[in-house]
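Chemist: Below is the structure, and that's it, no one-letter string:
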């Protein structure tokens with residue numbers, strides 16, 4: 001009951017008795033930080049866009065939020081549960097599927113997304129190039145495309161040197177899109 005009221009009033013924290021000193025300190029520190037609305041309201045337009053891009057999305061259902069234009073939602077497990085973040089599309093280098101999840105390789109590191117490659121390709125199709133059934137790549141992020149002796153195509157990305165193999169079926173399209 002009280003937790004619902006706290007949520008309705010946009011409380012920055014909710015503490016249960018007995019209150020632990022470190023939890024109280026963390027709650028007070030969080031309460032002193034400006035909210036997203038405060039950061040956007042006091043920011044110049046480029047800073048406002050960045051404030052939105054780094055926003056943490058509260059999602060109690062645990063399912064992935066809808067994609068937003070120019071961003072991909074990713075999740076991060078914390079001590080407080082799952083948090084969803086918006087990653088600007090311009091920071092994404094590649095999306096690689098493995099089992100149920102897609103790993104986004106970005107200029108800031110790796111993140112998990114619950115969106116399928118098909119969903120990402122549909123939402124941001126012109127931005128990505130499918131290079132394999134399990135991988136989408138941003139063409140501008142490709143540093144080199146090297147043919148192997150067996151005719152395969154290996155792509156090396158900028159920002160960390162991740163290598164991905166293009167499928168034989170898609171190699172010609174990959175080379176065409178890269179202008180080679």
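Modeler: Good, I have the coordinates. None of the values given here were measured: they were computed from a predicted structure.

Chemist: And for residue 155, the neighbour number?
Modeler: 25 (other CB atoms under 10 Å). Heads up, the C-betas are built off the backbone N, CA and C, glycines and all.

Chemist: Make sure it is indeed in a strand.
Modeler: Yes - per DSSP: H, G, I helix; E, B strand; the rest coil, residue 155 lies within a strand segment.

Chemist: pLDDT score assigned to it?
Modeler: In this model, residue 155 is scored at 95, pLDDT.

Chemist: so which strand or helix has the residue of the chain positioned farthest from its centre?
Modeler: The centre of the chain is farthest from one residue, residue 18, which by CA atoms, centre = their mean lies 36.4 Å away. Using DSSP states H and E, residue 18 sits within no helix or strand.

Chemist: Repeat that for residue 82.
Modeler: For residue 82, the element it lies in under DSSP H and E is strand 81-88.

Chemist: helices and strands around that strand, which ones?
Modeler: Applying 3 or more CB pairs under 8 Å, 6 or more residues apart in numbering; DSSP states H and E, one finds that strand 81-88 makes contact with helix 45-53, strand 56-57, strand 71-78.

Chemist: packing partners for the last one?
Modeler: Which is strand 71-78. Judged by 3+ CB pairs under 8 Å, 6+ apart, the packing partners of strand 71-78 are strand 81-88, strand 109-113.

Chemist: out of the ones you listed, which comes closest to residue 31?
Modeler: Minimum separation from residue 31 across the helices and strands packed on strand 71-78 (CB to CB) falls at strand 81-88, 17.9 Å.

Chemist: what about that closest one, average pLDDT?
Modeler: Here the average pLDDT along strand 81-88 is 79.

Chemist: Show me the contact partners of whichever helix or strand comes after that strand.
Modeler: For strand 81-88, the following helix or strand on the C-terminal side (DSSP H and E) is strand 92-98. Strand 92-98 is touched from outside by 72, 102-107, 113, 116-117, 120, 128, 134-138, 141, 157-160, 162, 164, with contacts defined as CB atoms under 8 Å, 6 or more residues apart in numbering.

Chemist: Can you flag which of those belong to strands?
Modeler: Counted as lying in strands by DSSP state E, out of the contacts of strand 92-98, are 72, 102-106, 113, 135-137, 157, 164.

Chemist: Could you single out the nearest of these to residue 79?
Modeler: Nearest to residue 79 out of the ones in strands among the contacts of strand 92-98 is residue 113 (CB to CB; 21.3 Å).

Chemist: Isn't the closest one up against residue 84?
Modeler: No - contact criterion CB atoms under 8 Å: residue 113 and residue 84 do not qualify, at 9.6 Å.

Chemist: between the two, who's got more neighbours?
Modeler: Legend: neighbour count by other CB under 10 Å for residue 113 and residue 84, higher for residue 113 (23 against 19).
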